[in-house]
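**Student:** A structural model of the following input is requested.
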Amino acid sequence: GDEVSMNYRGTLDDGHCFDEGKNFKFTLGNKDVIKGWDEGILGMKKGGRRTLVVPPKLGYGAKGSKPDIPPHATLHFDVTLVKIA
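**Tutor:** Residues are numbered from 1 along each chain as shown. This next block holds a predicted model:
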């Protein structure tokens, strides 16, 4: 898969920011990130912006991700694709 670099901000339904980052690099389709990201950024181009709403089954599911993401959480990400190679 392509290597991408993203700027992002992740929030819960209540608006609580659980994570944000700049120039976060990963390889698409390599299980480096949650499935909602792999699927949600398909087709994006450099400089593109999107809001991803990731249901629990494409995020952290019934387990959540302690300490910030509770079980069965819907995740919201504002993402910008910085680079794709």
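
**Student:** can we go C-alpha only for contacts and neighbour counts from here?
**Tutor:** Fine.

**Student:** correct me, but residue 83 touches residue 7?
**Tutor:** No: using CA atoms under 8 Å, residue 83 is not in contact with residue 7, being 9.8 Å away.

**Student:** Could you report the neighbour count for the nearest residue to residue 61 once chain neighbours are set aside?
**Tutor:** Of all residues not flanking residue 61 in the chain, residue 72 sits nearest, at 5.2 Å (CA to CA, 6 or more residues apart in numbering). Other residues near residue 72 number 15, with proximity taken as other CA atoms under 10 Å.

**Student:** Contact partners for the residue nearest in space to the middle of the chain?
**Tutor:** Residue closest to the average C-alpha location in the chain (CA atoms, centre = their mean): residue 37, at 4.4 Å. Applying CA atoms under 8 Å, 6 or more residues apart in numbering to residue 37 gives the contacts 52, 54.

**Student:** run the last query once more with 7 Å
**Tutor:** Listed by CA atoms under 7 Å, 6 or more residues apart in numbering, residue 37 has no contact partners.

**Student:** so it, which of the three states?
**Tutor:** The three-state assignment at residue 37 reads helix, by DSSP: H, G, I helix; E, B strand; the rest coil.

**Student:** Next one, pLDDT for it please.
**Tutor:** The model reports residue 37 with a pLDDT of 96.

**Student:** Report the buried residues of stretch 37-46.
**Tutor:** Neighbour-count burial for stretch 37-46, counted by 16 or more other CA atoms under 10 Å, picks out 37-38, 40-41.

**Student:** closest to residue 64 among those?
**Tutor:** Nearest to residue 64 among the buried residues of stretch 37-46, counting by CA to CA, is residue 37 at 15.9 Å.

**Student:** Thanks a lot, see you next time.
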